[in-house]
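Asks: Need a 3D model of the sequence below.
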Amino acid sequence: MTGSYPDSLVLHLRYHRWASNTLLQAVSALSPPVLLLERGTSFKTIPQTLSHIYTADQVWFSRLTGYSAGLPITDRDFALSPFAAQWNDLLDRYVGWAEPLTPEEWERSIQYRNSEGKEFSNPIWQIALHVVNHGTAHRAQVVSMLRQSNVTPPNLDLITYYRAPPTRL
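Replies: Here you go, the predicted model:
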């Protein structure tokens with residue numbers, strides 16, 4: 001591995017942005033019946049699952065920076081293009097926020113309350129990796145939904161991202 005561990009953390013936040021954008025592009029080709037079809041996953045539809053990832057990204061970014069990025073999106077008001085633009089803006093903010101952090105800043109702990117009001121404290125680097133991992137888990141659910149609809153999903157593997165030309169990184 002080249003670079004420092006802060007560089008690696010930024011790289012993984014860039015991966016999160018790339019994978020989310022790649023999946024949004026694939027989903028944009030779906031018809032409304034396929035997009036809104038209820039399935040047996042934790043978030044029944046593709047928009048609900050994407051909205052969950054986005055909302056979690058918002059919550060964590062707010063905890064890290066104090067910046068609030070907008071409201072969650074429901075199936076009822078889900079419009080892919082504005083949703084994608086809003087999420088892309090947030091993902092760009094993550095990368096822009098992370099790039100100048102020093103190793104000491106990555107080690108700084110953030111105090112926060114979870115959705116149940118319980119207090120926690122984690123270093124920024126752990127939160128950043130959690131954001132990436134959480135997104136990966138739920139993007140995999142959307143990939144499964146695409147396969148259930150006989151749609152070939154994009155390859156979102158981390159190694160695929162590593163192999164990408166530097167302009168995509």
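
Asks: For K118, see how far away the most centrally placed residue in the chain is.
Replies: Residue closest to the average C-alpha location in the chain (C-alpha atoms, centre = their mean): G135, at 4.3 Å. To K118, G135 is 23 Å away according to C-beta to C-beta, to the nearest Å. (Glycine included, C-beta is placed from N, CA and C.)

Asks: before we move on, what about N150?
Replies: 42 Å.

Asks: same question, V10
Replies: For V10, the distance to K118 equals 29 Å [C-beta to C-beta].

Asks: So which bits of the helix or strand of the chain with the lowest mean pLDDT are buried?
Replies: Every helix and strand of the chain was ranked by mean pLDDT, DSSP states H and E. The lowest is helix 32-35, at a mean of 90. By 16 or more other C-beta atoms under 10 Å, the buried positions in helix 32-35 come out as V34, L35.

Asks: What lies in contact with it?
Replies: Residues outside helix 32-35 that contact it (C-beta atoms under 8 Å, 6 or more residues apart in numbering): V27, T45, I46, P47, L80, S149, V151.

Asks: Can you select the buried ones among those residues for me in PyMOL?
Replies: The PyMOL selection below is limited to those of these classed as buried (16+ other C-beta under 10 Å):
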select buried, resi 27+45+46+47+80+149
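
Asks: Present the contacts of helix 32-35 as TSV; the columns should include secondary structure.
Replies: As requested, the contacts of helix 32-35 are exported to TSV (DSSP: H, G, I helix; E, B strand; the rest coil):
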residue	secondary structure
V27	helix
T45	coil
I46	helix
P47	helix
L80	helix
S149	coil
V151	coil
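
Asks: Can I get the contacts of helix 32-35 in TSV including pLDDT?
Replies: As requested, these are exported to TSV (pLDDT from 0 to 100):
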residue	pLDDT
V27	94
T45	93
I46	94
P47	92
L80	81
S149	93
V151	94
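
Asks: between the contacts of helix 32-35, which is nearest P103?
Replies: V27 (36.8 Å; C-beta to C-beta).

Asks: Thought T45 was touching R39, still the case?
Replies: Yes - taking contacts as C-beta atoms under 8 Å, R39 lies within contact range of T45: 7.1 Å.
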